[in-house]
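Visitor: can't give you the sequence, but here's the structure:
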């Protein structure tokens, strides 16, 4: 027995025709660094880190006092308030998903729905956060840290038909195309000549935000248990998912004044192709109907730690 109203959580719907996703559902990081809030804080790890040795980064809030192989000790990262170069933060971007099409015979759930080359869901726009480049220390201390904001979802719109019997002519019910969700590059500032103190490191940290979901829209036809769903050829066509890409993260160089900056690239979101669901008493599909959408690329950016240069 179908529910009278279809919930808008369309991506959780049971599927009859579905394209395989090109990537798993990758979650973004949620650890919050010192002094950072908002969208940026949800996508980057803590700033305070301890280094047992140049090239080895161990998360820890305190320093254990062991000897370092280098001449000078640099137990943890420079906090945002302790850098000489300016810290850089790009804001997070919002969702840019395409609009959905919903046909619901609310006055009488037994009324039929007839689609004649109709119901094209909206194409998503792009969701992009800007680049962040930390300022150089320039003979006054550590380079600035850089943080790019997380990006919103860019999902294609869905098509939902909820009524008695449902008849769709060819060209009806086209799920929206996903678009790109891309977080900007983050480049930590170089130290440049001034030695960092023992509780600081020289090159700035770099963090890129996580990118959002970019799946193409689902198509859902839900009729009464004793009614028929009729799909003509070329009806119920899922579109292509967009790309989800997190930017590159490049730690600032120590420039002979201490350890290079750490680099963290954000997680890339899922890029699943849209699904097609037909639920009713009987379903009559003509040739070339019900094509699930194609998945796309989910790419995490490169993370390049800064060189110590010593």
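Guide: Structure received. Everything numeric in this text was worked out from a predicted model, so none of it was measured.

Visitor: pLDDT weak spots in this structure?
Guide: 1-79, 106-107, 192-201, 309-310 (pLDDT under 70).

Visitor: please redo it, this time with the cut-off set to 80
Guide: 1-84, 106-110, 139-141, 192-202, 256-259, 308-310 (pLDDT under 80).

Visitor: for residue 283, see how far away the closest residue to residue 120 other than its chain neighbours is.
Guide: Leaving aside its chain neighbours, residue 120 sits nearest to residue 174 (4.5 Å; criterion: C-beta to C-beta, 6 or more residues apart in numbering). (C-beta placed from N, C-alpha, C; glycine too.) Distance of residue 174 to residue 283, given as C-beta to C-beta, to the nearest Å: 19 Å.

Visitor: neighbour count for the two, which is higher?
Guide: residue 174 (26 against 17; other C-beta atoms under 10 Å).

Visitor: now the more buried one: how far from residue 98?
Guide: Residue 174 sits 11 Å away from residue 98, going by C-beta to C-beta.

Visitor: got it, and residue 185?
Guide: 27 Å.

Visitor: surely residue 224 and residue 164 touch.
Guide: Yes. With contact defined as C-beta atoms under 8 Å, residue 224 and residue 164 form a contacting pair (5.2 Å).

Visitor: shared neighbours, these two?
Guide: Taking C-beta atoms under 8 Å, 6 or more residues apart in numbering as the contact rule, residue 224 and residue 164 both touch 109-110.

Visitor: list the contacts of residue 236.
Guide: Going by C-beta under 8 Å, 6+ apart, the list of residues near residue 236 reads 17, 168, 172-173, 219, 221, 276, 278, 289-291.

Visitor: redo the residues you listed as a markdown table? Include secondary structure and neighbour count.
Guide: Below are the contacts of residue 236 laid out as a markdown table (DSSP: H, G, I helix; E, B strand; the rest coil; neighbours: other C-beta atoms under 10 Å):
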| residue | secondary structure | neighbour count |
| --- | --- | --- |
| 17 | strand | 18 |
| 168 | strand | 29 |
| 172 | coil | 26 |
| 173 | coil | 32 |
| 219 | strand | 35 |
| 221 | strand | 30 |
| 276 | strand | 28 |
| 278 | strand | 24 |
| 289 | coil | 23 |
| 290 | coil | 22 |
| 291 | strand | 20 |
